[in-house]
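Novice: The sequence and its predicted three-dimensional model are supplied below.
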Amino acid sequence: MNSQAVLFPGQGSQRAGMGLDFKEKYSEAAEVFVSATTTLGWDVAEMCRGEDPRLDLTEFTQPCILTVEIAMFRALQKHYSFAPNAFAGHSLGEYTALVAAGAIPLESALRLVSARGRFMQNCIAPGGGAMVAVIMTNLELEEIGKMATALKVDIANDNSSNQVVVSGQAEPVAELSKALQSRFSESIRLVPLAVSAPFHSRWMANAQEQFGEVLRLEAHHFDVSKATRVLSNFSGKNHTGRLDDLSTALINQISGRVRWRENLAMVREQCDSLVEVGPTRPLSGFCKTMGFPVNAVIDYRSADRAFAAPAVEASL
């Protein structure tokens, strides 16, 4: 059997009804929803139905996605003998990866991401920030980075050779978008993201100190030796297995760049195939852009397909 890595998407992958088919079909998944509801004090499954507008509020979105992804993962472990060798997650998804690898208990992770979402949202007034995906074949990362820096805008996500995301205050991001369109003309595509704050930018720095206090309260529950199989968004490399390093990486991830392209390159060195597990499949496109085989599981029907057939090769 080929060695496999599991990838978990982060915020933005949420959708109405996510994970509920797994909950109904598999007791392992249902138990995760019960644990999450008990830990958080509100009905996670009901929130995931999508009828409550709070599902799109960061404080609620993050624990819901984490719950869904771990529910799916534990069902895949039990019923499909899924035993990945490496774990990676994009932004919020890194917490799912740490739970899946056994480094952080689910209950601790739920408390962490709930607080993380609340602190991040409180850093800036609604509408004051913006994020834009910059899409371009073989994009000029260095030049785009210099143009962003000049306007006090940050590169939030280095997702692939064809996409980065810029993040900052709304007016400078709009100004940068105009400058990029002028500089690269028809070769560039700019897609504003539906977010409530400029995540992974300097404007999130105030959340880090508050989050660090919560992290220290939970850290005695961690089994950090198991974090070595998990990729760090902040460093781009595997976690070291040291508690201080893990804490530093998670705290700095809030305002730091998500080095997803480096994460993918590292995990591809370690494994033969990749499986994305989450409500939707945003990471699969980045994998295919870089020529990496990937399958995606977004519901129990796609699980049958993913584990019955070889990973899909890229179509470049």
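Specialist: In hand now; what should we look at? Residues are numbered from 1 along each chain as shown.
Novice: Next up, the contacts around the nearest residue to Arg74 once chain neighbours are set aside.
Specialist: Nearest residue to Arg74, sequence neighbours excluded (C-beta to C-beta, 6 or more residues apart in numbering): Glu28, at 4.4 Å. Any C-beta I mention is one placed from the backbone N, CA and C, and that applies to glycine too. Contacts for Glu28 (C-beta atoms under 8 Å, 6 or more residues apart in numbering) come out as Ala71, Arg74, Ala75, Gln77, Lys78, His79.
Novice: Go through the helix or strand hosting Glu28 and flag the buried ones.
Specialist: Using DSSP states H and E, the element containing Glu28 is helix 27-40. Applying a neighbour-count criterion of 16 or more other C-beta atoms under 10 Å, one finds Glu28, Ala29, Ala30, Val32, Phe33, Ser35, Ala36, Thr37, Thr39, Leu40 buried in helix 27-40.
Novice: For the stretch of helix or strand Leu190 belongs to, which helices and strands make contact with it?
Specialist: Using DSSP H and E, Leu190 falls within strand 189-192. Helices and strands touching strand 189-192, as assessed by 3 or more C-beta pairs under 8 Å, 6 or more residues apart in numbering; DSSP states H and E, comprise strand 129-135, helix 170-184.
Novice: Quickly compare these and say which is most buried.
Specialist: Stretch with highest mean neighbour count among these: strand 129-135 (a mean of 22; mean count of other C-beta atoms under 10 Å).
Novice: Within its sheet, name the partner strands of it and how each one runs.
Specialist: Using DSSP bridges, the strands paired with strand 129-135 in its sheet are strand 163-169 (antiparallel), strand 189-192 (antiparallel).
Novice: got the angle between the longest one and helix 170-184?
Specialist: What it means is strand 163-169. When axes from the mean of the first three to the mean of the last three C-alpha atoms, to 10 degrees is applied, the directions of strand 163-169 and helix 170-184 differ by 140 degrees.
Novice: can you give me the mean pLDDT across strand 163-169?
Specialist: Average pLDDT, strand 163-169: 97.
Novice: Could you list the buried residues of that strand?
Specialist: Applying a neighbour-count criterion of 16+ other C-beta under 10 Å, one finds Gln163, Val164, Val165, Val166, Ser167, Gly168, Gln169 buried in strand 163-169.
Novice: from these, which single one is nearest Glu143?
Specialist: When the buried residues of strand 163-169 are compared for distance to Glu143 (C-beta to C-beta), Val164 comes out closest, at 11.3 Å.
Novice: give me every residue that touches that closest one.
Specialist: Contacts of Val164 by C-beta under 8 Å, 6+ apart are Ala133, Val134, Leu139, Leu141, Ile144, Ile155, Ala156, Asn157, Asp158.
Novice: ok, back up a step: so which of the contacts of Glu28 sit within helices?
Specialist: Those of these mapping onto helices are Ala71, Arg74, Ala75, Gln77, Lys78, His79, per DSSP state H.
Novice: Understood, closing this out.
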